[in-house]
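Visitor: Sequence plus the predicted model coming up.
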Amino acid sequence: MLLGDRGKYAGIITGIALASVIMIQQPGMLLSMLAHTYSFITDVSLPGIWVMDPQVKHVDDARNMQDTQLYRVRGVAGVDWAVPLYKGSQKVRLDTGESVACTLLGLDDATLIGGPAVMVQGRLEDLRRPEAIIVDEAGATGRLARPPSTPGGRPLPVRVGDILEINDHRAVVVGIAKATPAFMGHPTIYTTYNRAKSFALTERKNLAFVLAQAKPGEDPALVARRIEAQTGLLACTAPEFKEKSLSYMIKNTNVLINFGFVVLVGFVIGAAVTGQIFYNFTLDNLRHFGVFKAMGAGSRMLVLMILLQALSVGLIGFGLGSGLTAAFAAGMKGGNGPSMDLSWQLLLGSGGAVLLIVLAAALVSIRKVLRLEPAVVFKG
């Protein structure tokens, strides 16, 4: 029956596939965007406590403090070590004269805590060289890349040894690192804390965060509360800071509502299109079901036939839709902004939604078949 009318067969599969694409792609984009709101905290995995200005709302809302706050944090009981971190937006001038906004990170000169975990070229220790910086791979191949040498060619990525200009200061690239692309897609540049202060021109306060670690045997959450009580600053463990940043994004933007509405529309349209086509398919084949009834097929047999047809087109359509979405996600990887996160939980959830669509479509058809009188088939 399914292959007898190839037009309706293809229409049902196409409707399910498109609904699957929407229900997988949109939540995947949403999860990626939400994860990128705290990707910087994930990348800087070593410190267990983040200390900041009390007015900071999320990780990108860095409000610089005086350097003396670092020593106050180090003096709190239970703190094993604490290092400074500069985080700010600075302009990088390219050879073409264009200025690109970049996120500049200044790491502790002695320990380089907060640096990238994976180096593609060079070494993290090379940051101690004069005028040294490290550029993230996405920025080096993206917005910081030089124009192609030939018309229509590919841009030339930043390489070790290239020279950039940051606020009229000479900066030598000594390494290329892997880093999670920021939510806004700005390139990330690493350097030492004192050099970052010189790049920052006339800023009076340069300390964005204090990265700290509790002593062995101490509870990081209790040490964070102790830091708050003694310094008046805001102190969060890494999971608390991630939750704070994520909560701010959800509460102060409509991103969750917008993506949820698109997913709902995809589900409703998929159910409507699939249900309508599958119902018409059943009407066109009523004579066959009538013959089966006349031959003695029971209601259970007919219901199982319809369910098998519905589950078959549902499985094929979902397979095509998830495959197209996976190919799209693979094509987005390596870009400068959020990509798409696909997980088995997301596929399981969207697969369950597709199952509801095909079962709803089958239910409408089943009611029609169960009410069918076999004698109607043989009239005329």
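Guide: Right, received. Where do you want to start?
Visitor: neighbouring contacts of the helix or strand hosting residue 213?
Guide: Under DSSP states H and E, the secondary-structure element containing residue 213 is strand 209-214. By C-beta atoms under 8 Å, 6 or more residues apart in numbering, the residues outside strand 209-214 that reach it are 44, 46-52, 62, 69-70, 73, 78-85, 87, 108, 113-114, 220, 223, 227, 233, 235. (Each C-beta comes from the backbone N, C-alpha and C, glycine too.)
Visitor: Quick check: helices, which of the residues you listed are part of them?
Guide: Filtering the contacts of strand 209-214 for membership in helices, criterion DSSP state H, returns 69-70, 73, 220, 223, 227.
Visitor: Now distance to residue 5, pLDDT and neighbour count too, for these, in TSV please.
Guide: Conversion of the ones in helices among the contacts of strand 209-214 to TSV gives the following (distance: C-beta to C-beta, whole Å; pLDDT from 0 to 100; neighbours: other C-beta atoms under 10 Å):
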residue	distance to residue 5	pLDDT	neighbour count
69	73	95	20
70	74	96	21
73	72	96	22
220	64	95	21
223	69	97	23
227	70	97	27
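Visitor: Distance to residue 24 added to these, as a markdown table?
Guide: Conversion of these to a markdown table gives the following (distance: C-beta to C-beta, whole Å):
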| residue | distance to residue 24 |
| --- | --- |
| 69 | 46 |
| 70 | 46 |
| 73 | 44 |
| 220 | 37 |
| 223 | 42 |
| 227 | 43 |
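Visitor: Just name the closest of those to residue 262, please.
Guide: Checking the ones in helices among the contacts of strand 209-214 against residue 262 with C-beta to C-beta, the nearest one is residue 220 at 38.9 Å.
Visitor: list the contacts for that closest one?
Guide: Residue 220 sits next to 48-49, 213-214, 237 when contact means C-beta under 8 Å, 6+ apart.
Visitor: measure it to residue 73 for me?
Guide: Residue 220 sits 13 Å away from residue 73 when distances are taken as C-beta to C-beta, to the nearest Å.
Visitor: got JSON lines for the contacts of residue 220, with neighbour count and pLDDT too?
Guide: As requested, the contacts of residue 220 are arranged in JSON lines below (neighbours: other C-beta atoms under 10 Å; pLDDT from 0 to 100):
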{"residue": "48", "neighbour count": "19", "pLDDT": "93"}
{"residue": "49", "neighbour count": "26", "pLDDT": "96"}
{"residue": "213", "neighbour count": "18", "pLDDT": "96"}
{"residue": "214", "neighbour count": "23", "pLDDT": "96"}
{"residue": "237", "neighbour count": "19", "pLDDT": "96"}
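Visitor: Dump the residues you listed into a markdown table; add distance to residue 167 as well.
Guide: Rendered in a markdown table, the data for those read as follows (distance: C-beta to C-beta, whole Å):
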| residue | distance to residue 167 |
| --- | --- |
| 48 | 33 |
| 49 | 31 |
| 213 | 32 |
| 214 | 36 |
| 237 | 34 |
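Visitor: which two from the residues you listed end up farthest apart in space?
Guide: Taking C-beta to C-beta as the measure, these span a maximum distance of 10.8 Å, between 213 and 237.
Visitor: Count the neighbours of residue 1 for me.
Guide: Applying the criterion other C-beta atoms under 10 Å, we find 15 residues in the vicinity of residue 1.
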